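Engineer: build the 3D model from these lines:
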Amino acid sequence: MNPAPFTLGPALLFCPGDRPDRFAKALDRADAVVLDLEDGVAPDRKEAARQAVVDTPLDPARTIVRVNPAGTPDHDADLAALARTGYRTLMLPKADGRFVGPLVRSDGTPYAVVALCETAAGVLAAPALAARPDVVALAWGADDLVASLGGTASRRADGEYRDVARHARSAVLIAAGAAGKAAIDAVHLDLTDLDGLRAEALDAAAVGFAASLCVHPSQVPVIRAAYVPGDDAVAEARAVLAAARRTPGAFALDGRMVDGPVLKQAHAVLRRAGLDARLDEEVRP
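Structural biologist: Got it, this is the predicted structure:
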């Protein structure tokens, strides 16, 4: 039995696995929480973090657990601990061609896996990872990627991604889309740069990412707002679909050619706005 499609988001908030005092608060503030057993936990705190995740249960439907990379002793210990919980969704960091599985729960069903493509090998393996039935989403990470290349910075001095990071972001998004899986955008680590975060989240929503990762509660409302189309965008989408009801086939509207892809984009705007239940009133592409 394959996992259900990934529907969490748009704001997915990391929380260190060794801070159980923050678990419930993080889940309350975000659309889903990512309990982190990997980078967010010091090596000498790994076992304490695993025990905290076991002892402090959250809603499994809105909780993801980031385990340690496959092939490491900590990964095996993470899975042994999670067998004692009800969690169903894992984030696998440093995912690449070495990821063999599936990762199976104690009842024999596979975990839903968010494969984190954050190394050179992981970006190249993105299409194969997305094709796996147990992988429900692809995510990516810029800083681990650049480190895997021997580089020192994923962003320029102005805060914009360097070209290699932009390439990886696009490659992971396209691989996920080609397989019909969700894509999750990377964290914005500068906590003071809410304008930069807003710009990245707006772009993520525009090109088809399903969600964005974040590392601080202050980033959640920025991401949520960016993923919801504004009134002007909703009005434009409705105008396009209304015109399509009157004019079958391709047509021009306000100097813009409207055809099948444009209608699909209009429907996507309405879905982002939470109007999906009313799409039967509109023209379907």
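Engineer: least trustworthy helix or strand in this structure by mean pLDDT?
Structural biologist: Here the helix or strand of the chain ranked lowest by mean pLDDT, DSSP states H and E is strand 251-253, holding a mean of 72.
Engineer: and the next helix or strand past that one?
Structural biologist: Read in the C-terminal direction, the helix or strand following strand 251-253 is strand 256-258, with elements assigned using DSSP states H and E.
Engineer: who does that next one pair up with?
Structural biologist: Taking DSSP bridges as the criterion, strand 256-258 sits next to strand 251-253 (antiparallel) in its sheet.
Engineer: list the contacts of Leu35.
Structural biologist: The neighbourhood of Leu35, defined by Cβ atoms under 8 Å, 6 or more residues apart in numbering, consists of Cys15, Gly17, Phe23, Val53, Leu58, Thr63, Ile64, Val65, Arg66. C-beta: built from backbone N, CA, C; applies to glycine.
Engineer: 6 Å - rerun?
Structural biologist: Contact partners of Leu35, counting by Cβ atoms under 6 Å, 6 or more residues apart in numbering, are Cys15, Gly17, Val53, Val65.
Engineer: which residues touch the residue nearest the centre of the chain?
Structural biologist: Against the mean C-alpha coordinate of the chain, by Cα atoms, centre = their mean, the closest residue is Ile184 at 2.2 Å. Taking Cβ under 6 Å, 6+ apart as the contact definition, Ile184 lies against Ala137, Ala139, Ala211.
Engineer: make TSV from the residues you listed and add pLDDT, neighbour count and secondary structure to it.
Structural biologist: As requested, the contacts of Ile184 are arranged in TSV below (pLDDT from 0 to 100; neighbours: other Cβ atoms under 10 Å; DSSP: H, G, I helix; E, B strand; the rest coil):
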residue	pLDDT	neighbour count	secondary structure
Ala137	98	27	strand
Ala139	98	29	strand
Ala211	98	26	strand
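Engineer: TSV for the residues you listed, including distance to Lys264?
Structural biologist: What follows is the contacts of Ile184, written out as TSV (distance: Cβ to Cβ, whole Å):
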residue	distance to Lys264
Ala137	21
Ala139	24
Ala211	20
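Engineer: what strand or helix carries Ala157?
Structural biologist: Secondary structure from DSSP H and E places Ala157 outside every helix and strand.
Engineer: from Leu194, how far out is it?
Structural biologist: According to Cβ to Cβ, to the nearest Å, Ala157 stands 19 Å off from Leu194.
Engineer: the closest residue to Ala252 other than its chain neighbours: how many residues sit nearby?
Structural biologist: Ranked by Cβ to Cβ, 6 or more residues apart in numbering and with sequence neighbours excluded, the top spatial neighbour of Ala252 is Val258, at 7.0 Å. Using other Cβ atoms under 10 Å, the number of residues around Val258 comes to 21.
Engineer: buried set for whatever helix or strand Leu270 lives in?
Structural biologist: Counting by DSSP H and E, the element that carries Leu270 is helix 260-272. Buried residues in helix 260-272, counting neighbours by 16 or more other Cβ atoms under 10 Å, are found at Val262, Leu263, Ala266, His267, Ala268, Val269, Leu270, Arg272.
Engineer: pull the contacting residues for Val222.
Structural biologist: With contact taken as Cβ under 6 Å, 6+ apart, Val222 is in contact with Leu194, Leu197, Arg198.
Engineer: apply 7 Å and report the result again.
Structural biologist: If you count contacts by Cβ atoms under 7 Å, 6 or more residues apart in numbering, Val222 has them with Leu194, Leu197, Arg198, Ala201.
Engineer: and what of Met1?
Structural biologist: For Met1, the contacting residues are Thr109, taking Cβ under 7 Å, 6+ apart as the criterion.
Engineer: got it, and Thr56?
Structural biologist: Pro20, Phe23.
Engineer: quick one, domains of the protein?
Structural biologist: Here the domain assignment for the chain is 11-227, 231-273, based on the TED database.
Engineer: give me whichever of those domains is most buried.
Structural biologist: Among those, domain 11-227 has the highest mean neighbour count (mean count of other Cβ atoms under 10 Å), at a mean of 19.
Engineer: and the helices in the stretch 101-250 of the chain?
Structural biologist: Taking DSSP state H, counting those that start in this stretch as the test, the helices found in the stretch 101-250 of the chain are 120-124, 126-131, 142-148, 163-178, 194-207, 220-227, 231-246.
Engineer: most widely separated two among the contacts of Val222?
Structural biologist: With Cβ to Cβ as the measure, no two of these lie farther apart than Leu194 and Ala201, at 10.1 Å.
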